[in-house]
Structures are given as structure tokens and as C-alpha cells.
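Chemist: Got a predicted model here, sequence first, then my questions.
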Amino acid sequence: MRNKFIQTSIWFAFTAIIAAFPATATDTDRFSRVIENCEKRHGCIISMLAVNMRGDTIAQRNSTYSMIPASVTKTVTTALALKELGPDFRFETSIAYSGHIDSTGILHGDIYIVGGADPTLASTLPRQDSVFNIWHRAVKAAGIDSIAGSVIGDDRFFPDEAAAGSWELGDLGTYYGSGASGLSFHENYISLRITPSEHPEGRPDIEQLFPRTPWMEIENLAVTGRRKSGNSLYMLASEIEPVSQLRGSYPIDGGTSIEKCSNKYPAMTCAYHFDKYLGSHGINSAFGAMDTRRFTTRAAYGFQDRDSLTYIVTTYSAPLSYIVSKTNKESNNLYAETLFKMTGKAVSGSATYDASCKAAEKLLKGMGLETAGYKQVDGSGLSRQNLMSPAFLCRFLKTTAKAPYGKTFIESLPVPGKEGTLKYVLRETDRGQSSRIRAKSGSMSGVKCYAGYILGDTPEDMIVFAIMSNNNAGKSSGVQDTLETLMELLLGQ
């Protein structure tokens, strides 16, 4: 009886001590409380998983939910490209000719720009002049002083399938909606100088800058909107004839600006500008520029097989490691789509979207990964049909970190407050802490996601995380604040 009394006294004393201190929520409770508050305020869905490299779960919420990842899709695209192609891989573009050169320097045939899908080809004006100069010198060194045929942009390296079929119409006409090509040029966009009209609903003035596409008519269907109405301009190109339509609205108080619009004819654009470049250096073609798809007077059988051409020079892109870094830091959709298709071609011999999707899944399974919660239909994440769960992304990112190319991949991801798409993320967080994060962001209407790594004191302490928000019908700022709070909580682990 006495022992029972002592035990009871000890119990009450212990509970009194506990009651003297407020209950401290577990880490999981803290994460869940932040998420629940955001979901209630904004009507969105948030799923999350964070684990360390030892396999310990740091935080999780709805981690098996398949979510629209937006540009977080690029993490899978770029890592698989590094795995299959290698960090040192370079895209190739060659100059070749058909026919023969006579003793007077006349090429009785055509000059071919043989594309190898380099998405960085002539991505800037200095680069365009540089590569054209190399090509021109090779043509001259081959003994060609004039061309009896044409300068041909040959984009047959990739199929005639520039963009995924599930992309939204408004995205297709923007610079970030430029699809991949077997012969890309200037990142597959053209620049227009836009000046609003003096009255709402009037047509804004447009002036095409570089690159020039004089064979293509641009029909101006855009309107001038009211003050602070926003910029929704985009340009759609016809697949039937060389006509593009500028659509959307530009605010009357927007001033003069440069608008980048998708160029659906990069091979023809490249051929046109190189033909003009050769002409300015005294090498003229009898029939000007054409491509192997649309802008030609020949049937498909009128072009020489690539293997039968005489090659005179090949130029190379920067290493894949550099292109992957640009893709992830700047969230470059064209680069991502090209890497997706190039990986598909390397795995299966085909660069169609269907083949590339199957190739990605084959590579994932070859890594020993469970693909539950994963569906990928493009390389960049523009399609809303892409689906990935935090559980899948963490499995993938964890496996990638251990791969031979893992360090290259992790370093390709931007740092908050410093660069790329994360430059304005976690601005109020201590730089010594936020600099530990390497992550890819993803956003589109109603979608905001982050996935990546938090570096630790040791490799085993590194945290792999994915935080994904979908179905936000309101302003994105509130959800953004919540996702940043969750990352700050992870930094404290």
C-alpha cells in the first residue's frame, strides 16, 4: 500500500512538472500545421516529403499524391540526359554539300546546314556571327565561290513534331513555348518591337527585329488594352502556309517593349540568315534559302540523304553539363525539350515524344526506381498532363545524388537569393542558411512547386525534398510564402 502511494505521488509530481512547460509540437506537427493553414486560406492542395540520405523521414504530408510538377519536371529530364548522354556530350552541326565543284568554283548542288539538334546554336548575336564565320571559311576553303543551287536548312535529325500535343494554345506562341527542332536557331524565337496604340482596342504597332523571316506574313490581331491590363501577347504560326498571327493584348501604358515570340520555322530562319551572310561575303546562291520541311519547292525525295553529302566542317555546342546548368537555373524550356528528345533518340533511336516518354521510364526502371506517382509527357513541364508525387521525386533525387553525375546535377540547380529562377526566393533568410539549398522551382497558373536538396555537414545529412502545391485559385503570393516557410523549417533540421 505504501509503495502504491509513493508511485502515485511520483506520478503526480512528474505530471505537474510536465504541465509547467507548454507542450512542444513535433516537427511533423509543425509542418502539418503550416500546410493546413495554407490549404484552408487558399483552397489549394499541398503535398510534401523530405528525407535525409540515410533514409530518415524529416517531414511528410500527402507524399504519394500525384501532382502537376510544372518546371520541376526538368529535374528528371536533365538528370536522365546526364545519365544517358554524359556530362561531356556535345551537340553537332555540320556544313556539307551535294553535287560537285567545277574548276571555276561553282558548286553544282546545294549547301546543307545539317542540324544535330543543338538548342544553343546562334543563341546570341555574337555567337551567330562567330559560327557563321566558321561555316563561311569552310565553304571558301572547299573552293566554293558560288552556289548553283540553294542553302538548305536540314532539320531531319528530329521528327517534324515541334511541341507536345498537350501544350496549351497560349503557350505555343510565346518564346518559352518554342519547341525543339533538328536545326534550332537563336533559341527558336523572333523579337518584335511593340508600341501600343493611342486608344484602347486599337492595334499596337509591331516591328520585327532579329531574326528576320521575310517569307512569313505576320498578321496583327493584337489589341491595345486598358491601363495596367497586363501583357498577354503571343504569336501562332500556321502549319499550312507561312502566316503567323499576333494575338492577345498589350496595355496602353506599357510603353515600347521587345516581345519574344515563338518561331516555328528555325531551320528556314537559319538557312535564310546564313545564305545572306554568304552573299555579303561574295558567295551567292542561285535559288536562295529553303528547308527540308515546308519552305521548299522540292518533294522530300529531292533532298540528298545525309550520308551521301560531302562534309566540310562540324561545329559543337558547349558540353552537356553547361546546357543542363542553363536549363535548370534559367528554366529554359527549349533546352529541356531538346534534352528530352535527344535522350529518347539515344535510348531508342527515335526522338518522337512517344518514344522519349518510353525511354525516360525505361531509364528510371533501369535505375531500380519505383515509378508509382510518375507520368511524364514532355521535357519542360509545360504540359498539365505531367504528374509526379513527392515520394517519386525524392526517390529519384536521392538515387541521382549517388550517381557518378550526381555532383554535376546538384550544382546545376539554382541557389535561393542568388541566381536564376530562385533569385528572389527566401530573400529574408540568412544567406549562410539559404545557400545550403539547391532546388528547382516550378510554377504555372494554380501550381507552385520546389524540389531539390539541402546540403548538410556530411553527405548522409543532406536532405532531399519535394514541396508541391496545386489547385490554387487565388493569388500565388500566399502559397509562395507558405512554401518558403516550409523550406525554412527544413533548414532548421
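Modeler: It's in. Numbers count the residues shown, from 1 in each chain.
Chemist: From now on I want contacts and neighbour counts done on CA atoms only, so please keep to that.
Modeler: Noted.
Chemist: What are the boundaries of the helices in the stretch 201-350 of the chain?
Modeler: Along the stretch 201-350 of the chain, the stretches classed as helices by DSSP state H, counting those that start in this stretch are 266-280, 320-330, 333-348.
Chemist: Does anything pack onto the last one? Which helices or strands?
Modeler: When you say that, I think you mean helix 333-348. Contact here means 3 or more C-alpha pairs under 8 Å, 6 or more residues apart in numbering; DSSP states H and E; on that basis helix 333-348 packs against helix 73-85, helix 320-330, helix 353-366.
Chemist: ok, 7 Å please
Modeler: Using 3 or more C-alpha pairs under 7 Å, 6 or more residues apart in numbering; DSSP states H and E, the elements in contact with helix 333-348 are helix 73-85, helix 353-366.
Chemist: just to revisit the earlier point, wait, which of the helices of the stretch 201-350 of the chain is closest to N62?
Modeler: helix 320-330 (26.0 Å; C-alpha to C-alpha).
Chemist: in the closest one, what's buried?
Modeler: Residues of helix 320-330 classed as buried: L320, S321, I323, V324, S325, K326, T327, N328, K329, E330 (neighbour count, 16 or more other C-alpha atoms under 10 Å).
Chemist: which element is G153 on?
Modeler: strand 151-154 (DSSP states H and E).
Chemist: Likewise for G149?
Modeler: G149 belongs to no helix or strand when assigned by DSSP H and E.
Chemist: Correct me if wrong: it contacts A289.
Modeler: No. When contacts are counted by C-alpha atoms under 7 Å, G149 is not listed as touching A289 (9.2 Å).
Chemist: low-confidence ranges in the chain?
Modeler: Flagging of the chain using pLDDT under 70 yields the residue ranges 1-27, 125-128, 297, 299-301.
Chemist: Can you give me the neighbour number for G456?
Modeler: Residues lying near G456 (other C-alpha atoms under 10 Å) number 16.
Chemist: how about it, what does it touch?
Modeler: Applying C-alpha atoms under 7 Å, 6 or more residues apart in numbering to G456 gives the contacts M462.
Chemist: C-terminal to the strand holding G153, what's the next element?
Modeler: Strand 151-154 is succeeded, C-terminally, by helix 169-172 (DSSP H and E).
Chemist: which of the residues in that following helix are buried?
Modeler: D171, L172.
Chemist: right, and the helix or strand after that helix?
Modeler: Sequence-wise, the next helix or strand downstream of helix 169-172 (DSSP H and E) is strand 189-195.
Chemist: That next one to helix 266-280, inter-axis angle?
Modeler: Interaxial angle, strand 189-195 versus helix 266-280 (axes from the mean of the first three to the mean of the last three C-alpha atoms, to 10 degrees): 80 degrees.
Chemist: Show me what strand 189-195 is in contact with.
Modeler: 175, 178, 204-211, 255-263.
Chemist: center of this structure, which residue is that?
Modeler: The residue lying closest to the centre of the chain (C-alpha atoms, centre = their mean) is N333, at 2.5 Å.
Chemist: Would you mind measuring from it to D378?
Modeler: In this view, N333 and D378 are 10 Å apart by C-alpha to C-alpha, to the nearest Å.
Chemist: quick revisit: the residue nearest to the residue nearest to the centre of the chain when sequence neighbours are not counted - how many residues pack around it?
Modeler: Nearest residue to N333 in three dimensions, chain neighbours excluded: S380, at 5.0 Å (C-alpha to C-alpha, 6 or more residues apart in numbering). By other C-alpha under 10 Å, the residues close to S380 number 34.
Chemist: cool, the one 10 residues further on as well?
Modeler: Other residues near P390 come to 30 when the count uses other C-alpha under 10 Å.
Chemist: So it sits against L49, correct?
Modeler: Yes. Assessed by C-alpha under 7 Å, P390 is found in contact with L49 at 5.5 Å.
Chemist: okay, and the common contacts of these two?
Modeler: S63, A466, I467.
Chemist: From these, pick the one nearest E428.
Modeler: Of all these, the one with the least separation from E428 (C-alpha to C-alpha) is I467, at 19.5 Å.
Chemist: helix/strand/coil for the closest one?
Modeler: Secondary structure state of I467, per DSSP: H, G, I helix; E, B strand; the rest coil, is strand.
Chemist: how much space between it and S166?
Modeler: Here I467 is placed at a distance of 24 Å from S166 (C-alpha to C-alpha).
Chemist: In terms of packing, which of the two has more residues around it?
Modeler: I467 (26 against 13).
Chemist: how about the closest residue in space to that one that isn't next to it in sequence, secondary structure?
Modeler: Nearest-residue entry for I467: M48, 4.5 Å, with adjacent residues in sequence omitted and distances by C-alpha to C-alpha, 6+ apart. Put simply, M48 is strand when judged by three-state DSSP.
Chemist: Contacts only, for M48.
Modeler: Going by C-alpha under 7 Å, 6+ apart, M48 touches Q60, R61, N62, S63, P390, A466, I467, M468.
Chemist: Quick one, which of these are buried?
Modeler: Neighbour counting with 16+ other C-alpha under 10 Å marks Q60, R61, S63, P390, A466, I467, M468 as buried within the contacts of M48.
Chemist: Mind putting those residues into JSON lines with distance to F157?
Modeler: Output for the buried ones among the contacts of M48, formatted as JSON lines (distance: C-alpha to C-alpha, whole Å):
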{"residue": "Q60", "distance to F157": "44"}
{"residue": "R61", "distance to F157": "44"}
{"residue": "S63", "distance to F157": "40"}
{"residue": "P390", "distance to F157": "35"}
{"residue": "A466", "distance to F157": "35"}
{"residue": "I467", "distance to F157": "37"}
{"residue": "M468", "distance to F157": "36"}
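Chemist: No more questions from me, cheers.
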